[in-house]
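Enquirer: Test case, fold it:
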Amino acid sequence: QKQKSNKMGGAVSVEEATAENKDKLLESLKAKATEILADYPGNRCCKYLIPYLDSDEGKALSNEDLLTFYACVRTGIDNPDSGLGCYAMTPDDYTKFGGFFNKVIRDYHGDETGEAKHVTDWDASGVGEAGVLDVRKIGFDQELSMRVRVGRNLKAFNLPGKMDQAERIKFETTMLGAFEALCNNPDYGGTVYSMSPDHGDGVDNPNKIDDAKYQELVDAHVMFKDMDADPFLKSAGISSDWPYGRGCWQSADGQCIIWFGEEDQLRIMCMKKGFLLNEVFDRLNTMLKVVEAIDGIEFATSEDYGYITSCPSNLGTGMRASVHVKVPNLTSDGTDAKAKEVASPLGLSVRGTGGEHTPIGADGTVDISPRARLFIKEAEIIEALYNGVKLLMEKESEAAPKAEEPKAEEPKAEEAPPADPPAAADPPAA
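Expert: Residues are numbered from 1 along each chain as shown. From the prediction side, this is the model:
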């Protein structure tokens, strides 16, 4: 197991906090945050950390709670260019450190009232034609690649940032019962692929795969990449103990996948190619109900923020819904800059087909998804994707190069009448 150092240069570490040096620790945290904000004013962690530690709630933190709080904010300190810079370590952290997280969450998700509460609602019957979202109705003549995933965490476990190797293994073995139920369900079937070297104390892992199989699954976008290479997840402790407690289940038809041990304990997703956007949403909703009905599975939720996720950016629905669309005119310069310029006012994010920070397809294919996760209903995300893609394609058509109008032919110069034939030579003299 990797040891996580919580030291901040020459500052007092959280582990060393005592009644005598706790104040010194708090001051060093605030000083570091102030220093970061001078260069990175968009770092929300540092922006709200300072007033929080000066508040009555912040000052009243026990040494143990301060240790957890520092683990929550450490990624924003270690990575100054963070936009958020914080992760929850347990489902209760959003309440325990509410004075901090509430400010970050409402800033990031754009709740100016400070009073919004999340509502879960998958009923999209009012969208499209009685809930049927046929993309052929909005101009598509080829099937779209559609993918919807949600982040979920079990109430009974710490979030991934606070899990140690033993808890990661325990979580994986707990989920085996759920995966067995899915495998035995004729609607799903499937296989479990695990990267855990063992299940602890010499217990073999019956689902262990080798490196070649892992890479094959990564290349097929079935399995997630090595998280230990991500500096943000590393600072938060989320990638610790790699590869213990990591793997996935995939349905027999390949359309349903559940990752375990990634940024959230579970990433549950459905994907397919087709014309009916609602089909992939409906199947995911059905699968979520099947999973949560299994004994021992209870998802962590909040009255204010909906489904609990490690990162505040995914709270609420925990949903990312996307389609791959071709926009060759908007990407004619080889970048997605114009597509992003058009998509942003529509509430859509644009990225490469391989995920964030990946290039666009050679044919101009990009991944489009609604940005909102929190204070929005699942049905509204479905609607936003359907309507957003429709409007984006209208802009794509407008960006098509204009056909050059044929040039008017210049009038031909009038031809001169033919010259008279030369006069005959005089006949020779007699």
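Enquirer: all helices for the chain, in order.
Expert: 22-39, 44-54, 56-59, 63-78, 93-96, 98-108, 165-183, 211-219, 231-235, 277-292, 337-343, 378-398 (DSSP state H).
Enquirer: Distance to residue 199 and mean pLDDT added to these, as JSON lines?
Expert: Where C-beta positions appear, they are placed from N, C-alpha and C, glycine not excepted. Converted to JSON lines, the helices of the chain look like this (distance: least, Cβ to Cβ, whole Å; pLDDT from 0 to 100):
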{"stretch": "helix 22-39", "distance to residue 199": "38", "mean pLDDT": "89"}
{"stretch": "helix 44-54", "distance to residue 199": "36", "mean pLDDT": "96"}
{"stretch": "helix 56-59", "distance to residue 199": "40", "mean pLDDT": "94"}
{"stretch": "helix 63-78", "distance to residue 199": "26", "mean pLDDT": "92"}
{"stretch": "helix 93-96", "distance to residue 199": "28", "mean pLDDT": "97"}
{"stretch": "helix 98-108", "distance to residue 199": "34", "mean pLDDT": "97"}
{"stretch": "helix 165-183", "distance to residue 199": "5", "mean pLDDT": "95"}
{"stretch": "helix 211-219", "distance to residue 199": "17", "mean pLDDT": "96"}
{"stretch": "helix 231-235", "distance to residue 199": "23", "mean pLDDT": "93"}
{"stretch": "helix 277-292", "distance to residue 199": "21", "mean pLDDT": "93"}
{"stretch": "helix 337-343", "distance to residue 199": "45", "mean pLDDT": "87"}
{"stretch": "helix 378-398", "distance to residue 199": "35", "mean pLDDT": "90"}
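Enquirer: Using TSV, please lay out these together with mean neighbour count and distance to residue 253.
Expert: Formatted as TSV, those follow (neighbours: other Cβ atoms under 10 Å; distance: least, Cβ to Cβ, whole Å):
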stretch	mean neighbour count	distance to residue 253
helix 22-39	16	48
helix 44-54	21	41
helix 56-59	14	50
helix 63-78	21	37
helix 93-96	20	36
helix 98-108	19	36
helix 165-183	19	12
helix 211-219	13	16
helix 231-235	19	31
helix 277-292	19	10
helix 337-343	18	31
helix 378-398	19	22
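Enquirer: closest one to residue 331 among these?
Expert: Closest of these to residue 331 is helix 337-343, at 5.9 Å (criterion: Cβ to Cβ).
Enquirer: circling back to that earlier point, just put the helices of the chain in a markdown table and tack on distance to residue 119.
Expert: Shown next, in a markdown table, are the helices of the chain (distance: least, Cβ to Cβ, whole Å):
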| stretch | distance to residue 119 |
| --- | --- |
| helix 22-39 | 34 |
| helix 44-54 | 24 |
| helix 56-59 | 27 |
| helix 63-78 | 26 |
| helix 93-96 | 17 |
| helix 98-108 | 16 |
| helix 165-183 | 26 |
| helix 211-219 | 36 |
| helix 231-235 | 30 |
| helix 277-292 | 15 |
| helix 337-343 | 26 |
| helix 378-398 | 10 |
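Enquirer: State the phi and psi torsions of residue 196.
Expert: phi -60, psi 130 (degrees, to the nearest 10).
Enquirer: Confirm for me that it is in contact with residue 248.
Expert: No. In this structure, residue 196 is not within contact of residue 248 by Cβ atoms under 8 Å, at 11.9 Å.
Enquirer: Can you pick out the residue with more neighbours from those two?
Expert: Higher neighbour count among residue 196 and residue 248: residue 248, with 26 against 23, using other Cβ atoms under 10 Å.
Enquirer: Can you read off the pLDDT for the closest residue to that one other than its chain neighbours?
Expert: Nearest residue to residue 248, sequence neighbours excluded (Cβ to Cβ, 6 or more residues apart in numbering): residue 259, at 4.9 Å. Looking at residue 259, its pLDDT is 98.
Enquirer: The residue lying closest to residue 149 once chain neighbours are set aside: neighbouring residues, count only.
Expert: Nearest residue to residue 149 in three dimensions, chain neighbours excluded: residue 269, at 3.4 Å (Cβ to Cβ, 6+ apart). Neighbour count of residue 269, defined by other Cβ under 10 Å: 22.
Enquirer: Pairing partners for residue 269 in the sheet, please.
Expert: residue 149, residue 257 (DSSP bridges).
Enquirer: I'd guessed it sits against residue 254; true?
Expert: No. The pair residue 269 / residue 254 is not scored as a contact, 11.5 Å apart, by Cβ under 8 Å.
Enquirer: check contacts around the residue lying closest to residue 256 once chain neighbours are set aside.
Expert: Distances taken as Cβ to Cβ, 6+ apart place residue 270 nearest to residue 256, at 5.2 Å, with adjacent residues excluded. By Cβ atoms under 8 Å, 6 or more residues apart in numbering, the residues touching residue 270 are 147, 148, 149, 255, 256, 257, 280, 283, 284, 287.
Enquirer: repeat that for 10 Å
Expert: Applying Cβ atoms under 10 Å, 6 or more residues apart in numbering, we find residue 270 in contact with 146-150, 251, 255-257, 279-288.
Enquirer: Residue 119 now?
Expert: 306, 316, 375, 376, 377, 378, 380.
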